[in-house]
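Undergrad: Need the 3D shape of this:
(one chain, ligands or ions: 2)
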Amino acid sequence: MNVKDQINLLRDELRIHNHNYYVLDEATISDFDFDIKLKQLQDLEEAHPEFYDANSPTLRVGGGITKNFKTIKHDFKMYSLSNSYSKSDLEDWEKRNRKIIDGSVEYVCELKYDGASISLTYENGVLLRAVTRGDGTQGDDVTLNIKTINSVPLKLKGDFPDRFDIRGEIVLPFEGFNNMNKQRILEGEEPYRNPRNTASGSLKLQDSSEVAKRPLECLLYHMVGDKLPIQTQYQSLDLARKLGFKVPAISKLVTTIPEVIKFVEYWDQHRHNLPYEIDGVVIKVNSLFQQEELGHTSKSPRWAIAYKFKAERVSTILNDITYQVGRTGAITPVANLKPVELAGTIVKRASLHNADQIEKLDIRLGDVVFVEKGGEIIPKIVDVSFENRSSASLKTNYITNCPECNSSLTRNEGDAKHFCPNSEHCPPQIGGRIQHFISRKAMNIDGLGSETVTLLVKNGLINNYADLYDLTIDQILPLDRMAEKSAFNLIAGVEASKKIVFERVLFALGIRYVGETVAKKLAKHYKDIEALAIASEEELVNVDEIGEVIAKSVVSFFSSEKNIEIIRQLKQAGIQLKISETELTGQTDILESNVFVVSGIFMKVTRNQLKLLIEKNGGRVVSSISKKTNYVVAGDKMGPSKRIKAENLGITILSEDEFLSMIS
Ligand code: AMP
Ligand code: ZN
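TA: Residues are numbered from 1 along each chain as shown. Ligands and ions are numbered 1, 2, ... in the order given. Sure, this is the predicted structure:
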């Protein structure tokens, strides 16, 4: 077989397995074998760029960057849906329709998937582009990102129309969402709030390989085009399935409104058993001919209507209100409830937001309260029943002092929340800042869990993160439950963190609103902490992507004596407080044009940084291993097939540390 046929064969094979797994939920190959075939294809494609195909399965892993999303006009307008909330709303809808169309009417009931809508255009059987809904007339071109979603076919099967649009919803199923959050919590980051926002945020990420990591799915529900071989909505769902799209089988064809209502009621009750979130049901007139007769209003089709589920709501008793103090000193009131089942889980705590909310609802201890779970993961108190309130009940007085350190709370104009101003001595703030400092994406200090941090703070051994660098074995060994090995690990972890690059140090400092991305921006721009520390608000806002809120926060951080002292301490300890020499001066030739493959998860630098480091030092990075590869830099969880291949070819495998010392 010649190379071209070989490549095409592999592409077809992978496409079929992919479709079976992601669209039909039936695996027909082991992950391991899939990986091997994918690598084979990658190698062949790399060796033969002349057979490049923008829709090859190898492109699922992403890698393309979109700096600015192009605006694209939809060939067919993307309408929104009018809403209904009750049986009688649905009956009214049918009555209005009956005035326009005669004869029997069929309805298709579909789930209303709660995600981000997308329009895919296919031409000659391949994905031409993917565009967000935008304002309905034009949206953003997010093709690179959408290509990484495995359930989106890049090439169609069967007898496809020449050109058409197909609409659907990008969703993030619960399982994947929860896994992403587990990982985030481990890394000391705020968990994402709900699958819908996370899904729609994913579409606009600039780095498509980041999108590829998110377990997104695309569920399709609507085909549009000229002269499509379909007469009904139900047929179009079927056609879409045949072409290789993921179309949930739950859709139902019915002939009466009572049947529609039965479908609605069933899914209102059973929606929690679905793998993804829905927020209602969409009812569509089945016949396309009748659809045309009914037409559209300026905003939505008359032939379809959404039935929105009410957010689930239960009542229970408010036993207590407690107050949490965050790392920034923000106070969050938390309702402690008599446990109650809501949306399939037992709820014991709910958010009360802030003092205004408590005041507005006049929430009191012992009240019967209503708890709702909307799109958000954390349930909230939405109402209070005054009926059963005893005459002895007292108005809730919001705390005036910090529950942890007793300082008087402050509240700035425009802030919804109260703050504990005692950032230096308030224990959860001290602990929280240290916790953030050592977290994985920041200084990544191993061997130091949250209990140990609390212990160290309690024993007065550390009062801020800079104190970590003065800890000695003799100080920590006598602590409760501190084994010798853990003590040494801790010291070693602290020592290792001195190699962490400046941008991550900057993130680790815990300046309010300075997350990972902002830290990167600031590090690149200012290059060292001294320059940043003296930057004025006006200067800061001039930096790309830095707004007023961030600028203010940065200036305020560096205007604190205490913080300046801490930074001095960090400097003395040898922490990277400026961009490294190599980053500054650019190119070296240490790696002498050697070819590198990078695989796995790394501890001290990100994968992208590692690649940049290789290139900066004169090496070349390629994506798959071949005879021409000189080194593989292997992190955690490197794919087994890669390792075997590297070993078979006798390629040197470097650990992260080995690599870093090679260039230092
Ligand atoms: P809304 O955003 O509340 O106006 O609802 C309209 C949106 O529902 C559409 O833009 C689609 O993105 C989404 N949707 C989810 N499931 C369906 C479905 N089965 N049929 C049509 N639209 C749907
Ligand atoms: Zn406090």
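Undergrad: Kindly indicate whether the closest residue to ligand 1 within the stretch 51-200 of the chain is helix, strand or coil.
TA: Scanning the stretch 51-200 of the chain for the residue nearest ligand 1 gives residue 117, at 3.0 Å (criterion: CB to the nearest ligand atom). C-betas here are computed from N, CA, C, even on glycine. Look at residue 117: counting by DSSP: H, G, I helix; E, B strand; the rest coil, its state is strand.
Undergrad: Up against ligand 1, what does the chain have?
TA: 80-81, 110, 112-113, 117, 133, 169, 221-222, 282, 306 (CB under 6 Å from any ligand atom).
Undergrad: Identify those among the residues you listed that sit within strands.
TA: 110, 112-113, 117, 169, 221-222, 282, 306 (DSSP state E).
Undergrad: Does residue 146 touch residue 140 like I think?
TA: No: using CB atoms under 8 Å, residue 146 makes no contact with residue 140, being 10.9 Å away.
Undergrad: So which of those two has more stuff around it?
TA: Taking neighbours as other CB atoms under 10 Å, residue 146 and residue 140 compare with residue 146 leading, 24 against 19.
Undergrad: Excluding chain neighbours, give the residue nearest to that one in space.
TA: residue 130 (3.6 Å; CB to CB, 6 or more residues apart in numbering).
Undergrad: For that neighbour, give the beta-bridge partners.
TA: residue 120 (DSSP bridges).
Undergrad: burial measure for it, as a count.
TA: Neighbours around residue 130, by other CB under 10 Å: 24.
Undergrad: mind listing what's buried in the host helix or strand of residue 238?
TA: Secondary structure from DSSP states H and E places residue 238 in helix 233-243. Within helix 233-243, the residues that qualify as buried are 233-234, 236-237, 239-241, 243, counting by 16 or more other CB atoms under 10 Å.
Undergrad: Quick check: mean pLDDT of it?
TA: If you average the pLDDT over helix 233-243, you get 97.
Undergrad: Name the helix or strand for the residue most central in space within the chain, please.
TA: Taking CA atoms, centre = their mean, the centroid of the chain lies closest to residue 198, which sits 4.6 Å from it. In the assignment (DSSP H and E), residue 198 maps to helix 195-203.
Undergrad: chain center to the next helix or strand after that helix, what's the gap?
TA: Next in sequence after helix 195-203, counting helices and strands by DSSP H and E, comes helix 208-212. The chain centroid and the centroid of helix 208-212 are separated by 11 Å under CA atoms, centre = their mean, to the nearest Å.
Undergrad: Outside of helix 208-212 itself, list whatever touches it.
TA: Helix 208-212 is touched from outside by 60-66, 144-145, 147-149, 202-203, 205, with contacts defined as CB atoms under 8 Å, 6 or more residues apart in numbering.
Undergrad: buried set for it?
TA: 208-209, 211-212.
Undergrad: Ligand 1: which of these is nearest?
TA: residue 211 (18.8 Å).
Undergrad: Leaving out sequence neighbours, find the closest residue to the closest one.
TA: residue 145 (4.4 Å).
Undergrad: and the one you found, how far is that from residue 73?
TA: From residue 145 over to residue 73 the distance is 19 Å, taken as CB to CB, to the nearest Å.
Undergrad: Comparing the two, which residue is more hemmed in?
TA: Neighbour comparison, residue 145 and residue 73: the larger count goes to residue 145, with 30 against 10 (by other CB under 10 Å).
Undergrad: my guess is that one meets residue 201, correct?
TA: No: using CB under 8 Å, residue 145 is not in contact with residue 201; the gap is 11.0 Å.
Undergrad: before we move on, back to that, can you pull the contacts of the residue nearest to residue 211?
TA: Here residue 145 is in contact with 62, 66, 130, 202-205, 208, 211 (CB under 8 Å, 6+ apart).
Undergrad: for the protein, longest strand please?
TA: strand 312-325.
Undergrad: Can you classify residue 568 as helix, strand or coil?
TA: helix.
Undergrad: And the pLDDT at it?
TA: Reported pLDDT for residue 568: 95.
Undergrad: quick one: it and ligand 1, what's the gap?
TA: 53 Å (CB to the nearest ligand atom, to the nearest Å).
Undergrad: burial count for that residue?
TA: Neighbours of residue 568 (other CB under 10 Å): 11.
Undergrad: again with the one 5 residues further on
TA: A count of nearby residues for residue 573, using other CB under 10 Å, gives 16.
Undergrad: Check the one 5 residues further on too.
TA: As a burial measure, the neighbour count of residue 578 was computed by other CB under 10 Å and equals 19.
Undergrad: contacting residues around the nearest residue to residue 81 once chain neighbours are set aside?
TA: The spatial neighbour of residue 81 that comes closest, neighbours along the chain excluded (CB to CB, 6+ apart), is residue 306 at 4.2 Å. Contacts for residue 306 (CB under 8 Å, 6+ apart) come out as 81-84, 112, 280-283.
Undergrad: And residue 438, by the same measure?
TA: Per CB under 8 Å, 6+ apart, neighbours of residue 438: 188, 444-445, 448, 453, 465, 468, 497, 508.
Undergrad: Turn those residues into TSV, including pLDDT and secondary structure.
TA: TSV is the format used below for those (pLDDT from 0 to 100; DSSP: H, G, I helix; E, B strand; the rest coil):
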residue	pLDDT	secondary structure
188	69	coil
444	90	coil
445	89	coil
448	80	coil
453	89	helix
465	95	helix
468	95	helix
497	94	helix
508	96	helix
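Undergrad: buried subset of those?
TA: 188, 444-445, 448, 453, 465, 468, 497, 508.
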